[in-house]
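1. Sequence and predicted structure are below.
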There are 2 protein chains.
Amino acid sequence: MSINLREHIEKIVLLTDDEFALVLSHFTSKKYKKHQFLIQEGEPVLYSYFVVSGLLKLVHTDASGKEHIVSFAMEDWWESDFQAFHNQSKATMSLECLEDTEVFCLTLEDYKSLCSQLQKMEYFFLEKANRGHIGSQQRILSLITSNAKERYEQLLERYPSLFQRVPKSMIASYLGVSRETLSRLTN
Amino acid sequence: MSINLREHIEKIVLLTDDEFALVLSHFTSKKYKKHQFLIQEGEPVLYSYFVVSGLLKLVHTDASGKEHIVSFAMEDWWESDFQAFHNQSKATMSLECLEDTEVFCLTLEDYKSLCSQLQKMEYFFLEKANRGHIGSQQRILSLITSNAKERYEQLLERYPSLFQRVPKSMIASYLGVSRETLSRLTN
């Protein structure tokens, strides 16, 4: 599956051909192979990414070396270490391809330039930021109110395709349980 | 402590007197007593709230009747059930005063009207939404990577005044542990 950037934006705001040309001139397109990193912990975060095709994981590695999956990102999704991107600080998370992946990349400078040149795009990013904030508030709610079995069922209901695309060990890491606990839950 | 709306906005964008008058005309000011509810689960969410003074808790009550604190909100903070506010759906959380509280209230219609009339305000809300999204991403990270003792220490470091203002049972609910576990952690 591959997603068209213009269609993605036009779910929220309609653009003329000239406006879309201006938008597109602010992005660069890149392709990555499975296992390549778009963001590495400790390095600067140059881009916010729009996923055209493929699948990625956003991961934090704790002091003991254990990986925690903060989120998955797939087609039609924006992803970055947003704190590091907006504050121009070093990444505290890494972003790694789980499949061959194609993205559109936007620098912070181009993000700000687009917002100031085209109010429609500022509105678009405002809508996306609000939805991102809402999505995070819902995940917090799920983490503090649901047990692992309920979180597993919520994930399965919301993203059934994910279960065909990533190994169970990663689903377990996203849910914050061990591989063994996940096996018990799913039997 | 009481917060001035104009100073709050001007941390991000500067306004002329006329512009601030326009902004202010979109808000209504309200005062609530301790224990009053601004949002009730199951009811429509009419406003996004800017807290001028006081303290509130955003709470989800699960099927068994147990309260889970999603966040606290204090001076200089925006709070709402953002999903219900933006989607004009019923609240899945309640917002209750823990102290006498003064807020500025903004309807979704006024929010959209302000954004379209004054690009500076759209930029302001974009910045706030990005920071809200970042804050939530950090809380998710903390929930999946830190144990209760670490989460307690992070909260104490970030909001020391909270520990003077709310009972320990609420700190425990925010951290997702029992009152007894919290006592063990803090001895």
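-> Ah, there it is.
2. Checking the closest residue to residue A:49 other than its chain neighbours next. Helix, strand or coil?
-> Nearest residue to residue A:49 in three dimensions, chain neighbours excluded: residue A:103, at 4.4 Å (Cβ to Cβ, 6 or more residues apart in numbering or on different chains). Using the backbone N, CA and C atoms, a C-beta is placed for each residue, glycine as well. At residue A:103 the chain is in strand, as set by DSSP: H, G, I helix; E, B strand; the rest coil.
3. Quickly list what residue A:103 is bridged to.
-> Assessed by DSSP bridges, residue A:103 has beta-bridge partners residue A:30, residue A:51.
4. Tell me the residue of chain A that sits nearest chain B?
-> residue A:136 (3.1 Å; Cβ to the nearest Cβ).
5. pretty sure that residue is in a strand, no?
-> No. Under three-state DSSP, residue A:136 sits outside any strand and is assigned helix.
6. Quick check: buried residues in the helix or strand containing residue A:124?
-> For residue A:124, the host element (DSSP states H and E) is helix A:119-145. Under the neighbour-count criterion of 16 or more other Cβ atoms under 10 Å in any protein chain shown, helix A:119-145 has A:120-134, A:136-145 buried.
7. do stretch A:89-104 as well
-> Quick answer for stretch A:89-104 (16+ other Cβ under 10 Å): A:91, A:92, A:93, A:94, A:95, A:96, A:97, A:98, A:101, A:102, A:103, A:104.
8. which intervals of chain A have sub-threshold pLDDT?
-> Applying pLDDT under 70 to chain A flags the ranges A:1-3.
9. what residue is smack in the middle of it?
-> Per Cα atoms, centre = their mean, the C-alpha nearest to the average position across chain A is that of residue A:79, at 3.0 Å.
10. what bridges to that residue?
-> residue A:49.
11. these two touch, right, it and residue A:49?
-> Yes. Counting by Cβ atoms under 8 Å, residue A:79 touches residue A:49, with 5.4 Å between them.
12. what residues are shared contacts of these two?
-> Residues touching both residue A:79 and residue A:49 by Cβ atoms under 8 Å, 6 or more residues apart in numbering or on different chains: A:56, A:73, A:95.
13. who does the first one bridge with?
-> Same thing as residue A:56. Beta-bridge partners of residue A:56, as defined by DSSP bridges: residue A:73, residue A:97.
14. Give me the buried positions along stretch A:66-85.
-> Buried, per 16+ other Cβ under 10 Å, within stretch A:66-85: A:68-85.
15. I'd like the shared contacts of residue A:79 and residue A:49 as JSON lines, with distance to residue A:163 appended.
-> As requested, the shared contacts of residue A:79 and residue A:49 are exported to JSON lines (distance: Cβ to Cβ, whole Å):
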{"residue": "A:56", "distance to residue A:163": "17"}
{"residue": "A:73", "distance to residue A:163": "16"}
{"residue": "A:95", "distance to residue A:163": "21"}
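16. Near chain B, which residues of chain A are found?
-> Applying Cβ under 8 Å from any Cβ of the partner chain, we find that chain A lies next to chain B at A:60, A:62, A:68-70, A:82-83, A:86, A:92-93, A:115, A:119, A:122-123, A:125-126, A:129-134, A:136-141, A:143-145, A:176.
17. how about a cut-off of 7 Å?
-> Within chain A, the positions adjacent to chain B are A:60, A:62, A:68, A:70, A:82-83, A:86, A:115, A:119, A:122-123, A:125-126, A:129-130, A:132-134, A:136-141, A:143-145, A:176 by Cβ under 7 Å from any Cβ of the partner chain.
18. Please settle this for me: is residue A:156 part of a helix?
-> Yes. Per three-state DSSP, residue A:156 lies within a helix segment.
19. Hmm, residue A:164 and it touching each other?
-> No. If you go by Cβ atoms under 7 Å, residue A:156 and residue A:164 don't touch, sitting 11.2 Å apart.
20. So those two - more neighbours on which side?
-> Set residue A:156 next to residue A:164 and count neighbours by other Cβ atoms under 10 Å in any protein chain shown: residue A:156 wins out with 13 against 6.
21. check contacts around that one.
-> residue A:163 (Cβ atoms under 7 Å, 6 or more residues apart in numbering or on different chains).
22. Mind doing that once more with 10 Å?
-> A:162, A:163, A:171, A:186 (Cβ atoms under 10 Å, 6 or more residues apart in numbering or on different chains).
23. Of those, which belong to helices?
-> A:162, A:163, A:171, A:186 (DSSP state H).
24. List buried members of the residues you listed by neighbour count.
-> A:162, A:171.
25. can I get the ones in helices among the contacts of residue A:156 in JSON lines with distance to residue B:9?
-> Below are the ones in helices among the contacts of residue A:156 laid out as JSON lines (distance: Cβ to Cβ, whole Å):
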{"residue": "A:162", "distance to residue B:9": "40"}
{"residue": "A:163", "distance to residue B:9": "45"}
{"residue": "A:171", "distance to residue B:9": "43"}
{"residue": "A:186", "distance to residue B:9": "49"}
